[in-house]
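Engineer: No letters, just coordinates:
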């Protein structure tokens, strides 16, 4: 398959065409620059088979609103710790790229009012550029194979490039050419600092997807100028945090936004091109490469969901890939709430080391899991994989619990894949299912388990509204599951996802 052919990045060779790009995880450490949990996070994905690993974002300039878990590369100690990570990634055959830049020049809540870029002085802007160049030098000192620029997602480069956010009329803004000067100054400064042998890659908006923003035509022109300045590979993303056009949600068709990467390829941009955004299926990834739409496939949240995505794809274990369901829990936790990254389908991501598997049980026990929803299934899998004898009881004649509701609304079909994965893994682990069987006190006494895990789900909290208990009032769950006899005139109270 094309996915597992070697590829060129500048003067280096990557072992395959799969990139795990940098993503905000809040696994940094003020003293060390990078926490041990952060090191384990990246090493797990190198072990899983990704040919290129983006580490970051490593914030080059810390504003007052910076996250407490930001990655740093400011001191000799930071360089030392990052070098430990680099050596481990290299030992697994992965190229390491330090993603550097200015993550946020404004706090997230300030972005909603479209603040003015003109409030910053020319001297401040030049100090930011120098800070990024200095970080690149330290990244090379730490042994990183390449530098990756944060060119998208609301970072400083994407702000300067956007005519929606860039209201300056000087060297740093005013027209399409001057709006790119900030990015060009960074690329040229890094090239001068690190030489021509170390590759530079960059995230790039294929289109902004915001009112008044630029489209693919401008992106192509920007990419050409950046490539001439020294960028070797563009990882093409869709709109940033300000876009109102969905691009990271379950209703986005698989690999649909690879068309942006294809636009750059078709235009003959003189650099390698990576397609990204909602590519979760190995067959779809292979098709993008086979058609020549991109040179590489970038998998961010898919790598968060399953660090072993490449290894499973190469082995033909496609059904065992735990796919990203586009729930955006990771973005909510790490980007909005500024907490350690979380993944709805991977309970170990950001919480526990993914390098070491849970240890085998010292004493095998009989374990009964009460409830066949997602939590019950995951608990059953973990217990069975550790060597316990696991029996799962579900009073309904089917598995899934509340998760069945999650993918019932239109555009939510990808969430179904997680339930399919859980049931398949539970069967492989040897979990014994008892459907249509309620775990009563008498049953538990008769079965004499050593441990009982109760995962019986939750009931919706109903507001105290007069008449809410009348027979013509239904919950969203009842409607979605087909358990409500609705008339022609319907009033919906609430505007949540259900």
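Structural biologist: Sure thing, it's come through. Remember, it's a predicted structure, so these values are computed and weren't measured experimentally.
Engineer: Please count neighbours and contacts with C-alpha atoms only from this point.
Structural biologist: Fine.
Engineer: Centre of the chain to whichever helix or strand residue 40 is part of, how far?
Structural biologist: Assigned by DSSP states H and E, residue 40 belongs to helix 36-47. When distances are taken as CA atoms, centre = their mean, to the nearest Å, helix 36-47 is centred 15 Å away from the chain's centroid.
Engineer: ok, and what's touching that helix?
Structural biologist: Residues outside helix 36-47 that contact it (CA atoms under 8 Å, 6 or more residues apart in numbering): 20, 27-28, 53, 55, 85, 88-89, 92-94, 303, 307-308, 349-350, 352-355.
Engineer: among these, which are in strands?
Structural biologist: Judged by DSSP state E, the contacts of helix 36-47 include 20, 53, 55 as members of strands.
Engineer: Strands along this protein, start to end?
Structural biologist: 7-9, 12-14, 18-20, 52-59, 95-101, 146-149, 200-205, 233-237, 272-275, 296-298, 366-370, 389-394, 432-435, 451-454.
Engineer: Can you point out the buried residues in stretch 432-441?
Structural biologist: 432-435, 439 (16 or more other CA atoms under 10 Å).
Engineer: Over to stretch 91-102?
Structural biologist: 92-102.
Engineer: relative to strand 95-101, how tilted is the longest helix that the chain contains?
Structural biologist: The longest helix of the chain (DSSP state H) is helix 122-141. Here the directions of helix 122-141 and strand 95-101 differ by 160 degrees (axes from the mean of the first three to the mean of the last three CA atoms, to 10 degrees).
Engineer: residues making contact with helix 122-141?
Structural biologist: 60-61, 73-74, 79, 98, 100-102, 146-147, 182, 185-186, 189-190, 193-194.
Engineer: please redo it, this time with the cut-off set to 7 Å
Structural biologist: With contact meaning CA atoms under 7 Å, 6 or more residues apart in numbering, helix 122-141 is reached by 60-61, 73-74, 79, 98, 100-101, 147, 186, 189-190, 193-194.
Engineer: and the residue positioned nearest the centre of the chain, how far is that from residue 143?
Structural biologist: Nearest to the geometric centre of the chain sits residue 301, at 2.7 Å (CA atoms, centre = their mean). Distance, residue 301 to residue 143, by CA to CA, to the nearest Å: 26 Å.
Engineer: what does residue 292 give?
Structural biologist: From residue 292 to residue 143 the distance is 32 Å (CA to CA).
Engineer: residue contacts, the spatially closest residue to residue 210 that is not a sequence neighbour?
Structural biologist: Nearest in space to residue 210, with sequence neighbours left out and distances taken as CA to CA, 6 or more residues apart in numbering, is residue 243 at 5.0 Å. Neighbour list for residue 243: 208-210 [criterion: CA under 7 Å, 6+ apart].
Engineer: If residue 432 is in a bridge, with which residues?
Structural biologist: residue 391 (DSSP bridges).
Engineer: surely it meets residue 393?
Structural biologist: No - with contact defined as CA atoms under 7 Å, residue 432 and residue 393 do not form a contacting pair (8.7 Å).
Engineer: returning to that earlier point: could you give me the buried positions within the longest helix of the chain?
Structural biologist: For helix 122-141, using 16+ other CA under 10 Å, the buried residues are 128-140.
Engineer: do the same with stretch 300-314
Structural biologist: Neighbour counts over stretch 300-314 (16+ other CA under 10 Å) mark 300-313 as buried.
Engineer: One more: stretch 287-297?
Structural biologist: 287-289, 293-297.
Engineer: from these, which ones fall inside helices?
Structural biologist: 287-289.
Engineer: shaky segments in the chain?
Structural biologist: Within the chain, the segments meeting pLDDT under 70 span 112, 497-498.
Engineer: what about stretch 248-258, start to end distance?
Structural biologist: Using CA to CA, one end of stretch 248-258 lies 13 Å from the other.
Engineer: got the contact list for that stretch?
Structural biologist: Residues outside stretch 248-258 that contact it (CA under 7 Å, 6+ apart) are 275-279, 284, 325-327, 411-412, 414.
Engineer: Take these and lay them out in a markdown table including neighbour count.
Structural biologist: Formatted as a markdown table, the contacts of stretch 248-258 follow (neighbours: other CA atoms under 10 Å):
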| residue | neighbour count |
| --- | --- |
| 275 | 29 |
| 276 | 29 |
| 277 | 23 |
| 278 | 26 |
| 279 | 25 |
| 284 | 14 |
| 325 | 26 |
| 326 | 22 |
| 327 | 18 |
| 411 | 13 |
| 412 | 18 |
| 414 | 21 |
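Engineer: May I see those residues organised as CSV, with distance to residue 405 added?
Structural biologist: Shown next, in CSV, are the contacts of stretch 248-258 (distance: CA to CA, whole Å):
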residue, distance to residue 405
275, 32
276, 29
277, 25
278, 22
279, 24
284, 27
325, 14
326, 16
327, 14
411, 13
412, 10
414, 13
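Engineer: Out of those, the closest to residue 67 would be?
Structural biologist: residue 327 (22.4 Å; CA to CA).
Engineer: and that closest one, what does it touch?
Structural biologist: residue 249.
Engineer: cutoff 10 Å now
Structural biologist: 248-250, 343-345, 406, 412, 414-415 (CA atoms under 10 Å, 6 or more residues apart in numbering).
Engineer: quick check, nearest of these to residue 445?
Structural biologist: Out of the contacts of residue 327, the member with the shortest distance to residue 445 (by CA to CA) is residue 345, at 33.0 Å.
Engineer: Quick check: residue 333 vs residue 345, distance?
Structural biologist: 14 Å.
Engineer: thinking again about what came up before, doesn't residue 278 make contact with the residue nearest to the centre of the chain?
Structural biologist: Yes - Residue 301 is within contact range of residue 278, at 8.4 Å (criterion: CA atoms under 10 Å).
Engineer: Give me the common contacts of the two.
Structural biologist: Joint contacts of residue 301 and residue 278 (CA under 10 Å, 6+ apart) are 248, 324-326.
Engineer: Helices along the stretch 101-250 of the chain, start to end?
Structural biologist: 108-111, 122-141, 156-161, 176-179, 181-194, 216-229 (DSSP state H, counting those that start in this stretch).
Engineer: want to try a markdown table for those helices, with distance to residue 398 as columns?
Structural biologist: Compiled in a markdown table, the helices of the stretch 101-250 of the chain are given as follows (distance: least, CA to CA, whole Å):
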| stretch | distance to residue 398 |
| --- | --- |
| helix 108-111 | 43 |
| helix 122-141 | 52 |
| helix 156-161 | 48 |
| helix 176-179 | 57 |
| helix 181-194 | 55 |
| helix 216-229 | 47 |
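Engineer: which stretch among those helices comes nearest residue 495?
Structural biologist: helix 108-111 (22.3 Å).
Engineer: Now the closest one: buried residues?
Structural biologist: For helix 108-111, by 16+ other CA under 10 Å, it's residue 111.
Engineer: contact partners of it?
Structural biologist: 65, 104-105, 154, 165, 241-242, 335-336.
Engineer: Then stretch 443-463?
Structural biologist: With CA under 10 Å, 6+ apart, stretch 443-463 has contacts from 364-377, 379-380, 389-395, 401-403, 437-441, 468-469, 475-477.
Engineer: Would you mind listing which of the residues you listed are buried?
Structural biologist: Buried among those by 16+ other CA under 10 Å: 365-377, 379-380, 389-395, 401-403, 439, 476-477.
Engineer: Residue 275 touches residue 234, doesn't it?
Structural biologist: Yes - using CA under 10 Å, residue 275 makes contact with residue 234 at a distance of 8.8 Å.
Engineer: which neighbours do these two share?
Structural biologist: Residues touching both residue 275 and residue 234 (CA under 10 Å, 6+ apart) are 206, 261, 295-296.
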